[in-house]
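Undergrad: I'll drop the sequence and a predicted model, then ask my questions.
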Amino acid sequence: MLPKVRGPWDIYFADQLLAQLEAKYGVKKPLMLHAILETALGVANVGAIANASPRMQGHGPRPG
């Protein structure tokens with residue numbers, strides 16, 4: 001979980017860092033990211049954030 005994501009740049013940074021750590025430690029299955037949007041800027045950039053990396057995961061509201 002990545003808190004206070006403001007834009008896709010935050011996801012790009014985390015993606016690159018995780019890729020380096022996975023390579024260093026021989027992790028075979030990629031770690032996934034779940035962005036937590038806590039600011040108006042993050043909400044405004046939600047589309048770009050969601051598509052910033054194949055590591056992104058999450059879900060919207062569940063039907064009642």
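TA: Structure received. As the structure is a prediction and not an experimental result, all values here were calculated from the model.
Undergrad: pretty sure residue 55 is touching residue 30, no?
TA: Yes: counting by Cβ atoms under 8 Å, residue 55 touches residue 30, with 6.1 Å between them. C-beta here means a position set from N, CA and C on the backbone, and glycine is covered the same way.
Undergrad: list residues touching both of these two?
TA: Common neighbours of residue 55 and residue 30 (criterion: Cβ atoms under 8 Å, 6 or more residues apart in numbering): residue 18.
Undergrad: between the two, who's got more neighbours?
TA: Counted by other Cβ atoms under 10 Å, residue 55 and residue 30 do not tie: residue 55 has more neighbours, with 16 against 13.
Undergrad: neighbours of residue 4, just the number please.
TA: Using other Cβ under 10 Å, residue 4 has 12 other residues around it.
Undergrad: buried stuff in stretch 4-14?
TA: 5-8, 10-11, 14 (16 or more other Cβ atoms under 10 Å).
Undergrad: wait, I meant stretch 15-25
TA: Residues of stretch 15-25 classed as buried: 15, 18 (neighbour count, 16+ other Cβ under 10 Å).
Undergrad: same check on stretch 52-59?
TA: Those would be 52-53, 55-56, for stretch 52-59 by 16+ other Cβ under 10 Å.
Undergrad: the residues you listed: which two are farthest apart?
TA: 52 and 55 (8.7 Å; Cβ to Cβ).
Undergrad: quick check: neighbours shared by the two?
TA: 11, 15.
Undergrad: wait, which of the buried residues of stretch 4-14 is closest to residue 48?
TA: Nearest to residue 48, judged by Cβ to Cβ, of these is residue 8 at 4.4 Å.
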